[in-house]
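In: Below is the sequence, then the predicted model.
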Amino acid sequence: MFDVAKIRDDFPILARQVNGRPLVYLDNGASAQKPQVVIDAVTRAYADEYANVHRGLHTLSNIATEKYESVRGIIARFLNAPSEDQVILTSGTTEGINLVAYGWAMANMQAGDEIILSVMEHHANIVPWHFLRERMGVQIKWVDINADGSLDPQAVLDAITPKTRLIAVTQISNVLGTVVDVKSICAGARARGVPVLVDGSQGAVHMPVDLSDLGCDFYPITGHKLYGPSGSGAIWIAPERLAEMRPFMGGGDMIREVHKDSVIYNDAPMKFEAGTPGIVQTIGLGVALDYLMDIGMDKIAAHEADLCAYAKSRLQTLPWLHVQGDAPDRAAIFSFTMDGAAHAHDISTILDKKGVAVRAGTHCAGPLMDHLGVSASCRASFAMYNTRAEVDTLIDALEFAQDLFG
Ligand code: PLP
């Protein structure tokens, strides 16, 4: 059974007050809070078990290496990936996508080749492709979303031409909450021989992921949204694509031999992990994923579906509030503007006075904001520890803000 009260007890920060009110943390799309088991694991790793990994032959280095390396298998289990050998540990999604841009795309694309993106990508899945546009003359092709914020998989597939080398698309929009049918995109793209990168930053947090079934080529995740430490993450890369990749960053650990006039690289995945990694962050991520698997991602998804439906029904009752996007398949992420002159930053400041933490701004989604014709919005994004009572507090706080500004 999913016991939200018990889960809340696992997160010490949820017991605190902000501005004299109980904290209602609805900025989970930006970063999630950490359960005590993760905090304890990070403390223990520094207090009792810290050393560099892969290098020492002493006891502490062996413990740190064993714990750090065991996380690869945990991530593979969490994503149901075919093998942990295809899991590259990173500092987060941004590094993962840059690894694909520099390590795979630069080695396998040339001027005039095309990358297909949806307009609702996060900057992390846009800017690395702009680098390739600027430096190599690669073309970015944009696929629009429908009026309700959904993305038609067929529209993505219809954009494929003989010059298309990659489709890079998010699984869940960090602004609209839209859940994209990435499986259909992967199936159609595979039939046309086009690799697909699925940005799992939001998707892996809100739904069970089965990479053995999804059919994508690249799947990056970011640890801090998955209740783990910031500076942790991973990318799963299909074996065929790994074989086509060049190393991106050079340094220790990714090489087997270095001489004055030659180097011999390590095998994947270490070939793509240069330098001292985020040792403790990664160990913390492993504990966070074990924690999620113990609860069950299906149970988390069911709880969040209930929150999503409830929040949607309550937000719809506010005639002066405009929620962006209403895709039939959506996660509990709601971005909105309000009638009147109130700027998103002002609304968020007022909500904060009521203890409600939301994000305000452009959400690192410039092309989507252009498409929607708004300069900024507020975003309430829910996590497994949020409750219907917190939805009510959000609504009360919004009504207070409207009274103030309306
Ligand atoms: N992609 C999406 C959809 C996101 O929501 C985010 C973070 O908000 C990212 C990529 C980038 O993640 P990170 O900053 O952890 O690398």
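Out: Happy to help now that I have it.
In: Up against the ligand, what does this protein have?
Out: Listed as neighbours of the ligand in the chain under the rule CB under 6 Å from any ligand atom: 92-94, 122, 124-125, 170, 174, 199, 201-202, 222, 224, 364. Quick note: C-beta positions are derived from backbone N, CA and C, even for glycine.
In: In strands, which of these fall?
Out: Among the residues of the chain next to the ligand, the residues falling in strands (DSSP state E) are 170, 199, 222.
In: Let me know the pLDDT of the spatially closest residue to residue 28 that is not a sequence neighbour.
Out: Among residues not flanking residue 28 along the chain, residue 383 sits closest, at 3.8 Å (CB to CB, 6 or more residues apart in numbering). Here, the pLDDT recorded for residue 383 equals 98.
In: what does the one 3 residues further on give?
Out: Listed pLDDT for residue 386 reads 98.
In: TSV for the residues of the chain next to the ligand, including neighbour count and pLDDT?
Out: Output for these, formatted as TSV (neighbours: other CB atoms under 10 Å; pLDDT from 0 to 100):
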residue	neighbour count	pLDDT
92	23	98
93	27	98
94	20	98
122	22	98
124	21	98
125	27	98
170	28	98
174	27	98
199	30	98
201	27	98
202	27	98
222	29	98
224	24	98
364	19	96
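In: Strands of the stretch 101-250 of the chain, start to end?
Out: Counting by DSSP state E, counting those that start in this stretch, one finds strands in the stretch 101-250 of the chain at the ranges 114-118, 139-143, 164-170, 196-199, 218-222, 233-237.
In: most tightly surrounded among those?
Out: With neighbours defined as mean count of other CB atoms under 10 Å, the strands of the stretch 101-250 of the chain peak in mean count at strand 233-237, which reaches a mean of 30.
In: Strand 218-222 and that strand, what's the angle between them?
Out: 170 degrees (axes from the mean of the first three to the mean of the last three CA atoms, to 10 degrees).
In: what does strand 233-237 rub up against?
Out: For strand 233-237, the external contacting residues (CB atoms under 8 Å, 6 or more residues apart in numbering) are 72, 75-76, 79, 81, 86-93, 95-97, 99-100, 104, 211, 217-223, 245, 268, 285.
In: so which residue of the stretch 251-400 of the chain comes closest to the ligand?
Out: residue 364 (6.0 Å; CB to the nearest ligand atom).
In: From the centroid of the protein, which residue is nearest?
Out: residue 201 (1.3 Å; CA atoms, centre = their mean).
In: I'd say it and residue 97 touch.
Out: No. Residue 201 is not in contact with residue 97 according to CB atoms under 8 Å; the separation is 9.4 Å.
In: Now list whatever residues contact both of the two.
Out: With CB under 8 Å, 6+ apart, residue 201 and residue 97 have common neighbours 124, 220.
In: how would you label residue 5: helix, strand or coil?
Out: Taken by DSSP: H, G, I helix; E, B strand; the rest coil, the conformation at residue 5 corresponds to helix.
In: and residue 348, what does it touch?
Out: 358, 359, 360, 378.
In: how about the last one, secondary structure?
Out: Each residue gets one of three states, and residue 378 gets strand by three-state DSSP.
In: How many residues are close by it?
Out: Neighbour count of residue 378, defined by other CB atoms under 10 Å: 26.
In: Check the second one too.
Out: Around residue 359 sit 24 other residues, with neighbours defined as other CB under 10 Å.
In: Begin at 797, not 1, for the rest of this chat.
Out: Got it, the first residue is 797 from now on, which makes the last one we talked about residue 1155.
In: Relative to residue 1144, how far out is the nearest residue in space to it that is not next to it in sequence?
Out: Excluding the flanking residues, the one nearest residue 1155 by CB to CB, 6+ apart is residue 1175, at 4.5 Å. Look at residue 1175 and residue 1144: by CB to CB, to the nearest Å, they are 9 Å apart.
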